[in-house]
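Asks: 3D model of this:
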Amino acid sequence: RGIKVVVWDMDQTMGGGHCGEGILKEQAAEYIAQASPDFVEAVRALYLLDFKLAVATNSDPLEYDLPGQSRETHILGPDLAFALIEYWC
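Replies: Numbers count the residues shown, from 1 in each chain. Predicted coordinates:
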């Protein structure tokens, strides 16, 4: 097998919308539930076949430091990608 890692884009590929500079934690379940059905099918199959999964996102954990955002109130970037993959796998 020549492919070892599959890289996903977050917005409009994994998720059904845009997470922008992060989403409120109370809206995370809705964002995760809107995952693309094609993504869900593919990620489950790849996970079962032991492929490594990676996510390309424009978000940066430093965005938690923006005014009005924090790890307590928002979820973004790598944390949101992990939550999305964990939920669907």
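
Asks: which stretches of this protein form strands?
Replies: For the chain, the strands defined by DSSP state E occupy 5-9, 23-24, 52-56, 74-75.

Asks: redo these as TSV? Include mean neighbour count, distance to Trp88 and mean pLDDT.
Replies: Glycine gets a C-beta too; all of them are placed from N, C-alpha and C. As requested, the strands of the chain are arranged in TSV below (neighbours: other CB atoms under 10 Å; distance: least, CB to CB, whole Å; pLDDT from 0 to 100):
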stretch	mean neighbour count	distance to Trp88	mean pLDDT
strand 5-9	13	11	91
strand 23-24	16	17	92
strand 52-56	13	11	90
strand 74-75	24	16	96
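
Asks: can I get those in CSV with distance to Leu46?
Replies: What follows is those, written out as CSV (distance: least, CB to CB, whole Å):
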stretch, distance to Leu46
strand 5-9, 6
strand 23-24, 25
strand 52-56, 7
strand 74-75, 23
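
Asks: the ones you listed: which one's closest to Ala35?
Replies: strand 5-9 (10.4 Å; CB to CB).

Asks: which other helices and strands does that closest one contact?
Replies: Applying 3 or more CB pairs under 8 Å, 6 or more residues apart in numbering; DSSP states H and E, one finds that strand 5-9 makes contact with helix 37-48, strand 52-56.
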